[in-house]
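In: predicted structure and sequence below. I'll ask about it afterward.
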Amino acid sequence: MDVLTAHGAAVEDVEQVVVHGRLLLGVVIAGEGDGTAVMTDLAKAAVDLGVEVEFTPLDDAEPEVAQRHHVVVLGAPLPPAALAAVTRTLAGLSRSSGGPVLASMLKRAILRKEPTFSEADHGFRTFGELLRTLGERGVVDVHQGSAQGDPEVSLPTVGGDEDAAFALLRDTVEALSAKGAVHLSGLKNQVRKQQADFSEKRFGYGTFLQFVRAARARGFVEMERDVDAEDYVVRPGSAVPAA
């Protein structure tokens, strides 16, 4: 956001979703010029932060007012060893503790299982920083409890089989593709014709677009902007759910 502020760009819309430890952040920005200077500085910042960034101009009805662009940031994957140590230990403590799991309890339990564990080995200065990062990416829930400076940590409650939902989306898109291009608008209704109780919110997504983007990140579908239709075209991907 510092880069956008430096160039005087206005943020018109923001959405984010976490998919298996990776942050997908979408931002619609508006500003003067063709965006070359912003794109250059964003690319430099992406290298420094270790993330991927896509910069796509939007086809606006009134381009003379402001040039609008869609910026998509894909965060680097979390270290799998750190992710596994935290989530596996947290799941065990949640079942056995009979009460809230504090960050200090979690760290001690990890060290009992893995005496050589250190968050510094995974690029974090403190264990709290690791937990905050996991919390920001939706892997765990971190919130302040009664103990000052020792937050409570829990696993997020998301119901349903996400892979099955992604497969349902892919199968729906595949069937519709036989009749022509499949656009994002109206696609949710088509999915519900196959499964009446479908809801992306069951899997922790705030919007259907977030759900589709998550499916794209997993390879279940492909999606690209259709400038003429002012919509997204969705195509079936190659991924299949694990057996």
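Out: Right, received. Where do you want to start?
In: give me the element residue 30 is part of.
Out: In the assignment (DSSP states H and E), residue 30 maps to strand 22-31.
In: ranges for the strands of this protein?
Out: Remark: strands assigned in the chain by DSSP state E are 10-19, 22-31, 52-57, 67-74, 101-102, 141-143, 152-154, 221-226, 231-236.
In: comparing the ones you listed by mean pLDDT, which bottoms out?
Out: Here these differ in mean pLDDT, and the lowest is strand 10-19 at a mean of 63.
In: burial check on the closest residue to residue 165 other than its chain neighbours, number of neighbours?
Out: Closest residue to residue 165 apart from its sequence neighbours, by C-beta to C-beta, 6 or more residues apart in numbering: residue 203 at 6.0 Å. (Glycine included, C-beta is placed from N, CA and C.) Residue 203: 17 surrounding residues under other C-beta atoms under 10 Å.
In: from residue 214, how far out is residue 203?
Out: 8 Å (C-beta to C-beta, to the nearest Å).
In: same question, residue 190
Out: Distance, residue 190 to residue 214, by C-beta to C-beta: 18 Å.
In: in terms of neighbours, single out the busier of those two.
Out: Applying other C-beta under 10 Å to residue 190 and residue 214 shows that residue 214 carries more neighbours, namely 25 against 14.
In: what count of nearby residues applies to the nearest residue to residue 124 once chain neighbours are set aside?
Out: Nearest non-adjacent residue to residue 124, counting by C-beta to C-beta, 6+ apart: residue 130, 4.2 Å away. Other residues near residue 130 come to 24 when the count uses other C-beta under 10 Å.
In: from memory residue 107 sits against residue 127, does it?
Out: Yes. Applying C-beta atoms under 8 Å as the test, residue 107 and residue 127 come out as touching, 5.0 Å apart.
In: which residue comes closest to residue 187 once chain neighbours are left out?
Out: Residue 187's closest residue in space is residue 234 (C-beta to C-beta, 6+ apart), at 6.3 Å.
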